[in-house]
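**Student:** Next input, structure requested:
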Amino acid sequence: MDFDHVSVILFFLQMMKFAWDNYKRYAWGKNELRPLTRNGHIGTMFGGLRGASIVDSLDTLYIMGLTEDYQEAKEWVHNNLDLNSNGEASLFEVNIRYVGGLLSAYYLTGEEVFKQKVLELGEKLLPAFSTPTGIPRGVINLGSGTSWSWGWASAGSSILAEFGTLHLEFVHLSELSGNPIYTEKVTNIRKLLDKIEKPHGLYPNFLSPVSGNWVQHHVSLGGLGDSFYEYLIKSYLMSDKTDEEAKRMYYSALEAIEANMVQKSPGGLTYVAEWRGGVLDHKMGHLACFSGGMVGIGADHGAPEKRQHYLDLAAEITHTCHESYSRSATKLGPEAFRFDGGAEATATRLSDRYYILRPEVIESYMYMWRLTHDPKYRQWGWEAVEALEKHCRVDSGYSGIRDVYASTVSHDNMQQSFFLSETLKYLYLLFSDDDLLPLDDWVFNTEAHPLPIVHKSCLQQHGGLRDPQQTHPE
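**Tutor:** Residues are numbered from 1 along each chain as shown. Prediction:
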């Protein structure tokens with residue numbers, strides 16, 4: 001299928017405008033839009049912080065050239081983003097959405113307000129690291145600085161994907177503030193993880209912030225584990241390929257995952273199972289579908305003789321994730337899909353059948369397109385667009401759906417902030433030229449916020465980051 005480039009790009013602008021305008025109309029200043037009831041949602045994830053959809057959308061609006069909307073978002077941040085809030089905030093979510101979103105907005109635009117806000121917020125996250133090991137707890141009260149572990153996490157433990165997904169943002173907080181404390185905090189986490197004994201070289205999902213020991217042996221490339229691995233390879237790339245420790249840890253973790261968790265289904269689909277103390281659970285989560293893109297961007301930097309192997313593995317995982325979409329009635333993928341009991345890339349449990357506008361599959365299409373320029377990735381991306389328009393677009397925004405296998409859809413009444421930050425941005429980039437946010441200059445955090453590569457030579461010469469390239473499409 002030949003795509004008319006201009007009309008496709010305009011189509012994405014229209015999708016973003018539709019999502020944004022409805023948020024603005026019905027939920028302005030709240031965290032997310034509830035499109036069916038036409039009101040705002042605050043939720044508990046961000047403590048007392050507000051405007052998650054605004055902060056998450058800043059860079060998307062700017063990159064797409066939606067200047068007036070970006071200006072309004074910037075004004076809101078300047079006048080209304082109040083960081084003096086009490087309430088239980090997820091350290092991880094505040095970091096990837098708010099810290100990541102503000103950092104990107106600053107690096108793209110140079111506007112001081114974003115720098116000032118992000119440094120103020122960064123400081124409020126530091127008390128979470130006051131534990132015997134320096135491994136932060138998962139929940140922090142931004143007002144009082146007290147922190148604690150999630151009630152549902154095993155025995156007061158911290159979660160690998162949460163404390164392992166701070167590195168990119170905290171390195172940039174040190175770059176911007178000139179204060180090494182942020183880099184020290186995340187380097188300490190890395191050193192502890194490197195030193196601790198790992199079952200078969202694998203990293204379990206739960207660790208005690210008090211003892212520094214694993215709490216149980218559940219390993220996953222989906223939720224609870226996912227972005228820890230992503231941030232290892234991305235730390236190496238963001239360091240201008242100087243962070244050798246991150247590189248070594250990434251490739252040995254990938255080797256352990258391949259040896260213990262990568263499987264082939266009877267139908268020939270490559271998937272990453274979950275590992276529970278040596279027993280495999282043959283399920284793969286939508287969240288784990290980022291790994292096609294991750295293995296792809298890491299292919300060039302491992303052993304040269306493994307480059308093609310990694311590109312093939314990346315393509316196979318991405319193909320499997322596409323199958324999870326194409327095997328459903330809506331052509332959208334479920335939250336988790338299985339490879340046992342006769343199932344192949346389909347959800348068997350009712351509780352796994354929902355789709356909440358998640359970006360990971362489209363994210364892998366974008367990376368695989370950039371790496372191979374195989375037209376199938378754009379074709380697959382467009383299939384997802386058609387499905388989103390048909391099933392998730394409602395009168396006043398976009399909504400997740402409860403069952404991807406039901407031809408009559410039931411909506412969940414939530415336009416997630418990551419739909420604007422990630423899903424729409426990755427679609428836009430999939431169909432844009434490679435020189436819009438080129439991967440040689442930018443690394444995306446796990447909420448799709450682009451952060452510039454820290455070029456050491458330039459840092460020494462100028463005492464700061466070089467100006468990132470102008471990223472407006474002409």
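
**Student:** quick one: buried residues of stretch 391-402?
**Tutor:** If you call a residue buried by 16 or more other CB atoms under 10 Å, then stretch 391-402 has these buried ones: 391-392, 394, 396-401. To be clear about C-beta, it is placed using only N, CA and C from the backbone, and glycine gets the same treatment.

**Student:** ditto for stretch 376-394
**Tutor:** 377-378, 380-385, 387-388, 391-392, 394.

**Student:** now, which of those residues sits nearest Thr67?
**Tutor:** Lowest distance from Thr67 to those (CB to CB) belongs to Val385, with 23.9 Å.

**Student:** Specify the local secondary structure of the closest one.
**Tutor:** Following DSSP: H, G, I helix; E, B strand; the rest coil, we place Val385 in the helix state.

**Student:** Tell me how far the closest residue to it other than its chain neighbours lies from Asp441.
**Tutor:** For Val385, ignoring the flanking residues on the chain, the nearest one in space by CB to CB, 6 or more residues apart in numbering is Leu427 at 6.3 Å. According to CB to CB, to the nearest Å, Leu427 stands 21 Å off from Asp441.

**Student:** that older thread, out of the buried residues of stretch 391-402, flag the one nearest to Ala73.
**Tutor:** Using CB to CB, these come closest to Ala73 at Gly397, 16.5 Å.

**Student:** Need the per-residue pLDDT for the closest one.
**Tutor:** pLDDT recorded at Gly397 is 98.

**Student:** got it, and the one 5 residues further on?
**Tutor:** As summarised for this prediction, Arg402 has a pLDDT of 98.

**Student:** Look up the closest residue to it, ignoring the ones flanking it.
**Tutor:** Closest to Arg402 by CB to CB, 6+ apart is Ser410, at 4.4 Å.

**Student:** Could you do Glu323 as well?
**Tutor:** Per CB to CB, 6+ apart, closest to Glu323 is Ala345, 4.3 Å.

**Student:** ok, the one you found touching Thr320?
**Tutor:** Yes - the pair Ala345 and Thr320 passes the contact test of CB atoms under 8 Å, sitting 6.0 Å apart.

**Student:** re earlier: okay, Leu427 and Asp441: which has more neighbours?
**Tutor:** Leu427 (26 against 15; other CB atoms under 10 Å).

**Student:** In contact with the more buried one, which residues?
**Tutor:** 12, 15, 362, 366, 381, 384-385 (CB atoms under 8 Å, 6 or more residues apart in numbering).

**Student:** now these in CSV, with secondary structure and pLDDT?
**Tutor:** Listed next are the contacts of Leu427 as CSV, based on DSSP: H, G, I helix; E, B strand; the rest coil; pLDDT from 0 to 100:
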residue, secondary structure, pLDDT
Phe12, helix, 98
Met15, helix, 98
Ile362, helix, 99
Met366, helix, 99
Gly381, helix, 98
Ala384, helix, 98
Val385, helix, 98
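
**Student:** Would you check which pair of those lies furthest apart?
**Tutor:** Met15 and Met366 (15.5 Å).

**Student:** Of the two, which one has the most company?
**Tutor:** Higher neighbour count among Met15 and Met366: Met366, with 25 against 22, using other CB under 10 Å.

**Student:** ok, that one - contacts?
**Tutor:** Applying CB under 8 Å, 6+ apart, the residues contacting Met366 are 293, 377, 381, 426-427, 429-430.

**Student:** make it 7 Å
**Tutor:** 293, 426, 429-430 (CB atoms under 7 Å, 6 or more residues apart in numbering).
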